[in-house]
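**Q** this one's structure only:
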């Protein structure tokens, strides 16, 4: 079979599996729909969390980014895993004990304020939509490249599938499909990584392979790559070129942002006990680490293979994959000096660079560059789709519960019946799918910029309010509202200024303390903490019932009792 | 011991554990992976091509994060029983 036949078969089989699971796990109550009846086992929840968390960006883009950034790419590796330590230690067990359905639930109840609840709802919806647009775009790209389907139809097929299992099954359907999607995506990621590791270094484990010796020259792979980089005028691969404080700030913003993302937090409401919330964060990180520790290895293999294949070679001798990607516009060659060869050089070289490569194609093109069999390429397509669809479904659920639960049930129409709320949840999930699909087909030109926005926003708005709400009994309504608002406005203003109003000036001289818009969420978070603390101390303490609530969520005992009262 | 005092003691033990684990969390990622990365890069992990700081930033910190969470779960379950606040 050729590549395309394999791709159709593997993608088709994986879709059939997701639909089968969705039919088997329909939701029959709002409890099923929002939190899967709180009956998910910790290991399954860990896998579902991992699939929920690892998006098209993790699967398709991350290794490519690291491949071009070298050491600087570490911000994504540490940032997107370290946040789970904060989640497990500082948030998950207490929010589970609190026993509600959503993040705005906690903010609204802990700060005894509808205003706080509404601010939280708006943040949750904004962050989730930002994200989901990127996922739908990822679906479209995979479809158009591997199945040669128009992007629009690709997005429509993806929408149809997510519609089917998110609207029908709610959190219950999503959780069990995500378990399957995790298995598909991790298999699809590790198989080519292991293949290439064996080809390049003789090591079966990619995580060890990229620190081993190259099996042709016997030189260490990283030394060889640094040598190639120096020769071609790129910055040293293992040293990077960003400033230390910028790396620090971006890593912190991504970590804290991860811990503040509503679609991740909501997963810890689905397990039966506080104990299970703690351990499922651990399982989630194990499953995430499988991909995140393989990614830097894939990055090194891809970079070395790419340089060896293209640098200084005749354009006429380029393999087929080079021209296929050229057709999509993601690889471009311009023979400036007219010698028929490809000069691929970095900023420190005297020779003019003739090749531009889109970073996003590295993972997808890697198996072809390495000459792996056709079925591996089909597998990577199925994995990329699993990553994009699982994240999209999780995000859509946050949007739907924010509308039907936080906005309708808890704010506008408290008298709504269980059946009515479930219907509202389904309708809002359906509407959210349509909006997400529209954004996928007509993407705003700034999807990548907006993702930095989403993390900065989550870090500077939710995180301090959640942490102080649990660890400081004196924290009150006034502090929370003002803290969230100032943190949010500061971060938003900084990002909007450098990304949209005045992008030409966005370089390290103009940035405050040399911190880029990607890392400014860290400063926003510190401002939020400071404002919350000062304002809380200057205004009356929270009522006794709230202090009792905080005492209560700190003790695991009686978790079921609490959630029964609330639901 | 009254229940309120017992709960306070449990909470203090919890905070001590958190402080220790978060210190390690900060040390391996922001410390070894970022602040001292240049110094640590002078050292090679024996038998491999990894400069130590680079390895912490792209591999080591992630594995330590995983271990930290499991240590936390294990110690917390023990604390829960010790102070009689567990769910069973």
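**A** Received it, and whenever you're ready, just let me know what you need. Quick caveat, the model's predicted, so the values are computed rather than measured.
**Q** for the residue of chain B found nearest chain A, what are its contacts?
**A** Nearest to chain A in chain B, going by C-beta to the nearest C-beta, is residue B:49, at a distance of 2.9 Å. Where you see a C-beta, it was placed from the backbone N, CA and C, and this is true even at glycine. Neighbouring residues of residue B:49 by C-beta atoms under 8 Å, 6 or more residues apart in numbering or on different chains: A:210-213, A:220-223.
**Q** cool, residue A:296 as well?
**A** Per C-beta under 8 Å, 6+ apart, neighbours of residue A:296: A:63, A:66, A:73-74, A:77, A:210, B:58-59.
**Q** any figure for the gap between it and residue A:504?
**A** For residue A:296, the distance to residue A:504 equals 33 Å [C-beta to C-beta, to the nearest Å].
**Q** hang on, the earlier thing: so which of the contacts of residue B:49 also contact chain B?
**A** Contacts with chain B within those, counted by C-beta under 8 Å from any C-beta of the partner chain: A:210-213, A:220-223.
**Q** could I get the average pLDDT for stretch A:350-369?
**A** Average pLDDT, stretch A:350-369: 83.
**Q** ugh, typo on my part, it should be stretch A:515-526
**A** Averaged across stretch A:515-526, the pLDDT comes to 90.
**Q** what's the end-to-end length of that stretch?
**A** 14 Å (C-alpha to C-alpha, to the nearest Å).
**Q** show me which positions of it end up buried.
**A** Of the residues in stretch A:515-526, A:515-525 count as buried by neighbour count, 16 or more other C-beta atoms under 10 Å in any protein chain shown.
**Q** which of those residues sit farthest apart?
**A** Farthest pair in these (C-beta to C-beta) is A:516 and A:525. Separation: 15.5 Å.
**Q** now, which of the contacts of residue B:49 sits nearest residue A:56?
**A** When those are compared against residue A:56 (criterion: C-beta to C-beta), the nearest one is residue A:210, at 23.5 Å.
**Q** tally of neighbours for the closest one?
**A** 29 (other C-beta atoms under 10 Å in any protein chain shown).
**Q** any idea which element residue A:265 lies in?
**A** helix A:262-265 (DSSP states H and E).
**Q** could you see whether chain B lies near that helix?
**A** No: Helix A:262-265 lies out of reach of chain B by C-beta under 8 Å from any C-beta, never closer than 14.3 Å.
**Q** helices and strands around that helix, which ones?
**A** Judged by 3 or more C-beta pairs under 8 Å, 6 or more residues apart in numbering or on different chains; DSSP states H and E, helix A:262-265 is in contact with helix A:42-53, helix A:114-146, helix A:374-401.
**Q** just the buried residues of the very next helix or strand once past the second one, please?
**A** Along the chain past helix A:114-146, the next helix or strand (assigned with DSSP H and E) turns out to be helix A:151-162. Of the residues in helix A:151-162, those with enough neighbours to count as buried (16+ other C-beta under 10 Å) are A:151, A:154-159, A:161-162.
**Q** so where is the stretch 301-450 of chain A shaky, pLDDT-wise?
**A** For the stretch 301-450 of chain A, residues meeting the criterion pLDDT under 70 lie at A:443-450.
**Q** from it, which residue is nearest to chain B?
**A** With C-beta to the nearest C-beta as the measure, residue A:304 is the residue of the stretch 301-450 of chain A nearest to chain B, at 11.9 Å.
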